[in-house]
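J.: Give the three-dimensional model of this entry:
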Amino acid sequence: MENHLSGKKIIFDGDSICHATSETTETTDRGWAYRVGARYGMDWINVGISGGTVTAEMYYGPNNYPRHWVSRNIDKIHEKYPVIDYLIFEGGTNDADLLDIGSERFGEIDPADFSGNYDDSTFTGALECLFFKAMSYYPHAKIGYIVAPKMGRPAVGYGPEYKRRHYFLRAIEVCKKWGVPYIDLWECSQLNPSLKCHFDPDLDGAGNKAAGKLYIDGQHLTAKGYDMVSTAIGQWIYGL
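T.: Residues are numbered from 1 along each chain as shown. Predicted structure coming up:
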């Protein structure tokens, strides 16, 4: 079967789940960008950064140091890579952790507004800006969004009342508005840190990796976890 992804340029952007911060010590331990790119022979570039947010104007601690803002990094991507074939985003976890469900910075969505005039200091507005710019910069590229797998062990479960899922559901809503394909690993993958076979809270990161678990810390994935989600992501990208 012909591999139509071979040689195509693909860029990934997101937070630590995309960056695979904890899994970069060995080539075989890199995240989905490496795995998908290598498997399909793509010209892949991963610009995701640990701690990144989709929302702009989010900072680190008392020093007010800027985070990696995915909604504005698209300008830098376009400046450096004016011609690409695929652009795959991920993010929302740090946004959810830093903002409340009822925060004004969650933002509102108007399904009829495609003007490009959005407030990227809100989560919703940042996603709208991101998709508006991405589609304007790359009208012929395939653009997609990855919703990360389940994270944490919330007492309320993994439904919309859990802050992270609440933010991901808004991301899906914005994807649907803009016609941006998405893969919802939160729902469609088997990964679940509440299952001890996937993550053992009594073990440290090294212990979980050595035991063949899928999570290092209940949030970030081990190489085995990335193997599992990368297969699904690769098949999804292949079908875009």
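J.: mind listing the strands for the protein?
T.: For the chain, strands defined by DSSP state E occupy the ranges 9-13, 43-46, 59-60, 65-66, 86-90, 142-147, 182-184.
J.: Name the strands paired with the third one and say parallel or antiparallel.
T.: Taking DSSP bridges as the criterion, strand 59-60 pairs within the sheet with strand 65-66 (antiparallel).
J.: what's the strand it pairs with in contact with?
T.: The contact list for strand 65-66, computed with Cβ atoms under 8 Å, 6 or more residues apart in numbering, reads Met58, Tyr59, Tyr60. All C-beta spots, glycine's among them, are computed from the backbone N, C-alpha and C.
J.: Nearest residue to the middle of this structure?
T.: The centre of the chain sits closest to Glu90, judged by Cα atoms, centre = their mean, with a distance of 1.8 Å.
J.: does that residue really touch Ser16, like I thought?
T.: No - with contact defined as Cβ atoms under 8 Å, Glu90 does not count as touching Ser16 (9.9 Å).
J.: what sits against Glu33?
T.: Rather than Glu, residue 33 is Ala. By Cβ under 8 Å, 6+ apart, the contact set of Ala33 is Phe12, Cys18, Ala20, Trp44, Ile45, Asn46, Gly48.
J.: now swap in His68 and tell me
T.: Asp15, Gly48, Ile49, Ser50, Gly51, Gly52, Thr53.
J.: That one and Glu90, how far apart?
T.: 12 Å (Cβ to Cβ, to the nearest Å).
J.: Can you work out which residues contact both of the two?
T.: By Cβ under 8 Å, 6+ apart, His68 and Glu90 have these common neighbours: Asp15, Gly48.
J.: What residues sit buried inside stretch 61-80?
T.: Across stretch 61-80, burial judged by 16 or more other Cβ atoms under 10 Å covers Arg67, His68, Trp69, Val70, Ser71, Arg72, Asn73, Ile74, Ile77, His78.
J.: what mean pLDDT does it have?
T.: Averaged over stretch 61-80, pLDDT sits at 95.
J.: Next one: Asp204 relative to Asp217, how far apart?
T.: For Asp204, the distance to Asp217 - Cβ to Cβ - is 8 Å.
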